[in-house]
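[1] from the sequence below, what's the structure:
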Amino acid sequence: MVIKDYVVMTPAAADQKQVDAILQRLSSAGIDDRFVFAKGRYEGRVSVGTYYYRQSAVKRQKLLASYDIDTEVVPRRKKGRQYWLDLKMNSSVETSGKLETVRKTHARSAPWEQVSCI
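    Okay, here's the model as predicted:
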(Lines give C-alpha, C1' and ligand atoms only; values in the text may rest on other atoms or scores of the structure.)
Protein backbone atom coordinates (compact mmCIF):
# COMPACT_ATOMS: atom_id res chain seq x y z
CA MET A 1 0.00 0.00 0.00
CA VAL A 2 1.18 3.51 -0.80
CA ILE A 3 -0.06 6.87 0.36
CA LYS A 4 -2.67 8.27 -2.05
CA ASP A 5 -3.23 11.63 -0.37
CA TYR A 6 -3.62 13.32 3.00
CA VAL A 7 -6.84 14.44 4.65
CA VAL A 8 -6.84 17.14 7.32
CA MET A 9 -9.65 16.41 9.77
CA THR A 10 -10.85 17.20 13.24
CA PRO A 11 -11.00 14.63 16.02
CA ALA A 12 -14.25 12.67 16.17
CA ALA A 13 -17.16 14.51 17.77
CA ALA A 14 -19.19 12.64 20.38
CA ASP A 15 -22.55 13.80 19.02
CA GLN A 16 -24.26 16.14 16.55
CA LYS A 17 -24.08 19.03 19.02
CA GLN A 18 -20.27 18.81 18.98
CA VAL A 19 -20.24 18.56 15.17
CA ASP A 20 -22.36 21.73 15.01
CA ALA A 21 -19.94 23.48 17.39
CA ILE A 22 -16.97 22.49 15.20
CA LEU A 23 -18.75 23.76 12.09
CA GLN A 24 -19.52 27.05 13.84
CA ARG A 25 -15.85 27.49 14.86
CA LEU A 26 -14.77 26.77 11.29
CA SER A 27 -17.28 29.28 9.92
CA SER A 28 -16.10 31.90 12.42
CA ALA A 29 -12.55 31.34 11.12
CA GLY A 30 -13.75 31.79 7.52
CA ILE A 31 -13.32 28.08 6.70
CA ASP A 32 -16.25 27.02 4.55
CA ASP A 33 -14.67 24.18 2.57
CA ARG A 34 -15.38 21.23 4.82
CA PHE A 35 -17.09 17.86 4.79
CA VAL A 36 -18.76 16.05 7.68
CA PHE A 37 -18.33 12.28 7.75
CA ALA A 38 -21.79 11.03 8.73
CA LYS A 39 -20.85 7.33 8.78
CA GLY A 40 -17.96 4.95 8.27
CA ARG A 41 -14.52 4.83 9.83
CA TYR A 42 -14.33 8.64 10.15
CA GLU A 43 -17.86 9.15 11.47
CA GLY A 44 -18.21 12.37 13.46
CA ARG A 45 -15.07 13.91 12.01
CA VAL A 46 -14.94 17.02 9.84
CA SER A 47 -12.61 17.06 6.85
CA VAL A 48 -11.12 20.48 6.09
CA GLY A 49 -9.07 19.54 3.05
CA THR A 50 -7.49 16.78 1.01
CA TYR A 51 -3.93 17.24 -0.26
CA TYR A 52 -1.61 15.31 -2.54
CA TYR A 53 1.48 16.45 -0.65
CA ARG A 54 1.90 16.02 3.10
CA GLN A 55 3.59 19.42 3.40
CA SER A 56 0.46 21.09 2.00
CA ALA A 57 -1.73 19.24 4.52
CA VAL A 58 0.57 20.29 7.37
CA LYS A 59 0.40 23.91 6.17
CA ARG A 60 -3.41 23.72 6.35
CA GLN A 61 -3.19 22.11 9.80
CA LYS A 62 -0.98 24.96 11.04
CA LEU A 63 -3.43 27.54 9.68
CA LEU A 64 -6.26 25.87 11.57
CA ALA A 65 -4.14 25.67 14.72
CA SER A 66 -3.71 29.46 14.52
CA TYR A 67 -7.52 29.60 15.00
CA ASP A 68 -7.19 27.12 17.90
CA ILE A 69 -8.86 24.37 15.88
CA ASP A 70 -7.44 20.91 16.57
CA THR A 71 -6.86 18.73 13.50
CA GLU A 72 -4.96 15.63 12.41
CA VAL A 73 -3.29 14.86 9.08
CA VAL A 74 -4.50 11.40 8.05
CA PRO A 75 -2.82 9.59 5.14
CA ARG A 76 -5.15 7.64 2.82
CA ARG A 77 -3.67 4.61 1.12
CA LYS A 78 -4.11 2.71 -2.13
CA LYS A 79 -2.56 -0.37 -3.67
CA GLY A 80 0.77 0.29 -5.29
CA ARG A 81 4.52 0.31 -4.88
CA GLN A 82 6.68 2.77 -3.05
CA TYR A 83 10.36 3.40 -3.54
CA TRP A 84 12.86 5.29 -1.45
CA LEU A 85 15.92 6.99 -2.85
CA ASP A 86 18.52 7.64 -0.17
CA LEU A 87 21.15 10.17 -1.18
CA LYS A 88 23.89 11.93 0.67
CA MET A 89 23.94 15.46 -0.71
CA ASN A 90 25.41 18.76 0.18
CA SER A 91 22.82 21.40 0.96
CA SER A 92 23.29 23.37 -2.24
CA VAL A 93 20.19 24.60 -4.01
CA GLU A 94 21.80 23.66 -7.34
CA THR A 95 22.06 19.97 -6.36
CA SER A 96 18.49 19.89 -5.09
CA GLY A 97 17.33 21.56 -8.30
CA LYS A 98 19.09 18.94 -10.43
CA LEU A 99 17.47 16.15 -8.45
CA GLU A 100 14.03 17.76 -8.90
CA THR A 101 14.67 17.96 -12.67
CA VAL A 102 15.45 14.22 -12.76
CA ARG A 103 12.27 13.44 -10.80
CA LYS A 104 10.11 15.54 -13.13
CA THR A 105 11.66 13.86 -16.17
CA HIS A 106 11.44 10.24 -15.02
CA ALA A 107 8.72 10.12 -12.37
CA ARG A 108 6.47 13.07 -13.09
CA SER A 109 3.42 11.75 -11.21
CA ALA A 110 5.38 10.47 -8.21
CA PRO A 111 4.84 12.34 -4.98
CA TRP A 112 8.03 13.91 -3.71
CA GLU A 113 9.00 14.52 -0.15
CA GLN A 114 12.47 15.58 0.90
CA VAL A 115 13.34 14.28 4.34
CA SER A 116 16.45 15.11 6.32
CA CYS A 117 17.95 12.06 8.00
CA ILE A 118 20.05 14.08 10.40
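[2] list the beta-bridge partners for the nearest residue to Gly80 once chain neighbours are set aside.
    Spatial nearest neighbour of Gly80, chain neighbours left out: Val2 (4.1 Å); criterion: C-beta to C-beta, 6 or more residues apart in numbering. In this view, the C-beta of every residue, glycine as well, is placed from N, C-alpha and C. Beta-bridge pairing for Val2 (DSSP bridges): Lys78.
[3] I'd assumed Arg81 was in contact with Val2.
    Yes. Applying C-beta atoms under 8 Å, one finds Val2 in contact with Arg81, separated by 6.6 Å.
[4] just want to know which of these two has more residues nearby.
    Val2 (13 against 6; other C-beta atoms under 10 Å).
[5] contacting residues around the more buried one?
    77-82 (C-beta atoms under 8 Å, 6 or more residues apart in numbering).
[6] now render those residues as CSV, adding distance to Phe37.
    Shown next, in CSV, are the contacts of Val2 (distance: C-beta to C-beta, whole Å):
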residue, distance to Phe37
Arg77, 17
Lys78, 19
Lys79, 23
Gly80, 24
Arg81, 29
Gln82, 26
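[7] among those residues, which two are most distant?
    Arg77 and Arg81 (12.3 Å; C-beta to C-beta).
[8] quick one: stretch 22-32 to chain centroid distance?
    19 Å (C-alpha atoms, centre = their mean, to the nearest Å).
[9] stretch 20-38 now?
    Here the centre of stretch 20-38 is set off from its chain's centre by 18 Å, with C-alpha atoms, centre = their mean.
[10] excluding its backbone neighbours, what's nearest Ala65?
    Ala65 sits nearest to Thr71 (C-beta to C-beta, 6+ apart), 7.3 Å away.
[11] could you pull up phi and psi at that neighbour?
    phi -140, psi 170 (degrees, to the nearest 10).
[12] ok, it - contacts?
    Taking C-beta under 8 Å, 6+ apart, we find Thr71 in contact with 8-10, 48, 60-61, 64-65.
[13] from those residues, which ones fall inside helices?
    Counting by DSSP state H, those place 60-61, 64-65 in helices.
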